[in-house]
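K.L.:
Here is my input, please return the structure:
(one chain, ligands or ions: 1)
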Amino acid sequence: MKTQTLLTRRSPLGASVNIIKQTFSAHRHKPVQRVSFVSGLHGDEFEGPYLCHRLIHALRQIQEAHPEAFQGEVHVYPAANPPALNHGTRLWPFYGSDMNRMMGPHPGAPLPVQLSQELFEDIQSSSDLVVDIHASNLHLKELPQIRIIEEFSEELVPLALQTHADLIWVHPMAGVFESTLGYNLNKSNIPTLVVETGICLRIEPDFVDRLFHGMLQLLHHLGVLTSLPSDMPPAPTPQVVYPRGVAQSNAKHSGLFVSRAKLGQRVGEDEIIGQVLDPVEGAVLEEVTAPGNGILFTLREQPAVHSGALLARVALNQEPKP
Ligand SMILES: [Zn+2]
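P.N.:
Below you'll find the model as predicted:
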C-alpha cells in the first residue's frame, strides 16, 4: 500500500489540512481496471470512513499474503473533507460550503472550491470506476442502497447488483445533482456508484459489513482482485426500483413521530407503522400507515415533524399501474 498526501494547505493557525489517498497497485503489470472509493465529502457521515477502514485493512492483508491477487489498482480516499470530519459537520467549517456541490466546472477560488476541484481531477485521472459513499442526514435512516440517476442506469445497474446493497434506486435527475461528484464523473464516462446508507453521525456496523463484502465482490467481478477472503457471505440480490416503484408516507400533522416499524421490514399497504402525537394535549393526531406493499427502506429517526415531513419510503413489490 502506498500512502500519498494528495492535497495539503496550511490553515490559519498553522496546522495543515491534508487529503490522503491510499493506493494498492496491480501486481507487476498494467492494471486491468482502476477503482476508487471516496468517502467523507460530507463531514457528518461516518459510515463511509468506517467502510474505507474495513477495505484498507482487508486489501492490505490480501496484498501481503497474495500480492498476485491484485490484477487491478485500488485507490481509497477515506476522508475527503478533513476539516468537516473533525467537526462532525456536513459542510466545510468557516466557509459553510458543501464539497459535494462543487464538483465539475465551478466558478470561484475559495479554499473548499480549490480542493474540491483538485480532488475531482485526481479521482478523474486515476479511476475507471468510482464508488462515492454517503450516509443519510439526521432525519432519516436508510437501508444500504445504491442511488442511480436514470440516464446512467443501463451501465450502472449491473455493477450495483454486485454490491450486496439491499436496494438499487433508479431515480430521476434533479438540478441539485449537477455539481456532485457522482454526476460529473458519470458525465465524463467514469461509471460512479453512489452509496447511501444508515444515518449521519452514527455507524451501523451491520450495514457496513454488507457493503464491505459487496465492495470486495465488486472488485472481484471487475477482475481487480482474483481471489476473495474465504469467509465471504453469499451474495444477496438487491431489489431494483425505478421512480414509480417508490412510495412514501408524509406527516399530515405537526407533532412527534413515534415509529412502530423496523427499517428493512416488509410492510403491507395501510399497515400502521407509527403515530404522530401531540405531547402537549396528550392526543394522537394520526396513525401513520405504509404507502404500499414492499420493503420499508427509509424511516424517520428525528421525531419532531412538521406537516408534510417525509416519514417513510417503501420499495414497492409491484409498480402501480399508470
Ligand atoms: Zn453525503
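K.L.:
The one residue in the stretch 51-200 of the chain that gets nearest to the ion sits in which helix or strand?
P.N.:
Taking C-beta to the ion, the ion has its nearest neighbour within the stretch 51-200 of the chain at residue 134, 3.3 Å off. Every residue, glycine included, has its C-beta placed from N, CA and C. Using DSSP states H and E, residue 134 sits in strand 129-135.
K.L.:
for that strand, packing partners?
P.N.:
Secondary-structure packing of strand 129-135 (3 or more C-beta pairs under 8 Å, 6 or more residues apart in numbering; DSSP states H and E): strand 34-39, helix 47-65, helix 181-187, strand 192-198, helix 205-221.
K.L.:
Now render the ones you listed as CSV, adding mean pLDDT and mean neighbour count.
P.N.:
Below are the helices and strands packed on strand 129-135 laid out as CSV (pLDDT from 0 to 100; neighbours: other C-beta atoms under 10 Å):
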stretch, mean pLDDT, mean neighbour count
strand 34-39, 98, 26
helix 47-65, 97, 19
helix 181-187, 98, 22
strand 192-198, 98, 26
helix 205-221, 98, 21
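K.L.:
got a markdown table for these, with distance to residue 300 too?
P.N.:
Formatted as a markdown table, the helices and strands packed on strand 129-135 follow (distance: least, C-beta to C-beta, whole Å):
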| stretch | distance to residue 300 |
| --- | --- |
| strand 34-39 | 25 |
| helix 47-65 | 18 |
| helix 181-187 | 25 |
| strand 192-198 | 14 |
| helix 205-221 | 17 |
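K.L.:
got the ones you listed as TSV, with distance to the ion columns?
P.N.:
TSV is the format used below for the helices and strands packed on strand 129-135 (distance: least, C-beta to the ion, whole Å):
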stretch	distance to the ion
strand 34-39	9
helix 47-65	8
helix 181-187	10
strand 192-198	8
helix 205-221	15
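K.L.:
Out of these, the one nearest residue 18 is which?
P.N.:
Closest of those to residue 18 is helix 47-65, at 14.7 Å (criterion: C-beta to C-beta).
K.L.:
That closest one relative to strand 192-198, how many degrees between them?
P.N.:
With axes from the mean of the first three to the mean of the last three C-alpha atoms, to 10 degrees applied, the angle from helix 47-65 to strand 192-198 works out at 120 degrees.
K.L.:
Following the chain onward from helix 47-65, which element is next?
P.N.:
Going down the chain from helix 47-65, the next helix or strand is strand 73-77, by DSSP H and E.
K.L.:
For the helix or strand following that next one, give the mean pLDDT please.
P.N.:
Toward the C-terminal end, the helix or strand that comes next after strand 73-77 (DSSP H and E) is helix 82-87. In this model, helix 82-87 has a mean pLDDT of 95.
K.L.:
what's in contact with helix 82-87?
P.N.:
With C-beta atoms under 8 Å, 6 or more residues apart in numbering as the test, helix 82-87 has contacts from 11, 17-19, 40, 42-44, 46, 49, 79, 90-94, 99.
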